[in-house]
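A.B. asks: output the structure for:
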Amino acid sequence: MKKVEDWLSEYGESHRHPTNRIIHKFCVPLIVYTLIAMLWALPFPLITPSPLINWAGILTLIALVFYFSLGFRPGIFMALFILPLFIFLKMIGTEQAPIIFQISGVLFIIAWIFQFIGHKIEGKRPSFLKDLFFLLIGPLWVFRPLWKIF
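C.D. replies: The predicted structure follows:
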């Protein structure tokens, strides 16, 4: 398995243009949060709804396993990055799920449009077209200066 520095270096190769970098700094976190929010809003086949046992919780758990496989710092940082969203979603409750899904869906699409604009400006294809794991590397790359201080 690749080391975290290898992933980040390879990801950075297609994110050198300043405009593309700025777009990613805003859009990658937005994509992560809106994806989790949309998955949280989807019905889950459990008799008793839970703020953690749902589609968002399952996807987050899988992602965190990957992040922790890269190291303790990336894993902890990403867990701390995602935790406030779960707290927020738990506070607003499941009765708001339809509106959360709609708002998150619109923001998710807009963020992806900007991502592709950034790559058009960059002149390089998005990294995830080469390897889907780069979808998980994007947030680490964006927040690299922060999680490196842990």
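A.B. asks: phi and psi next, for the closest residue in space to K124 that isn't next to it in sequence.
C.D. replies: In space, K124 comes closest to S14 once its chain neighbours are excluded; the distance is 4.1 Å by Cβ to Cβ, 6 or more residues apart in numbering. Any C-beta I mention is one placed from the backbone N, CA and C, and that applies to glycine too. Phi and psi for S14, reported as degrees, to the nearest 10, are phi -110, psi 20.
A.B. asks: next: N54.
C.D. replies: Its backbone dihedrals place N54 at phi -160, psi -180, with angles given as degrees, to the nearest 10.
A.B. asks: going forward, count from 35.
C.D. replies: Sure, I'll start counting at 35 from here, so that last one is N88.
A.B. asks: so who does the spatially closest residue to it that is not a sequence neighbour touch?
C.D. replies: If you skip the residues right next to it in sequence, N88 has F78 as its closest partner in space, 4.2 Å away by Cβ to Cβ, 6+ apart. Listed by Cβ atoms under 8 Å, 6 or more residues apart in numbering, the contact set of F78 reads I87, N88, W89.
A.B. asks: that older thread, quick one, what contacts the residue nearest to K158?
C.D. replies: Counted by Cβ under 8 Å, 6+ apart, S48 has contacts H153, E156, K158, R159, P160, S161.
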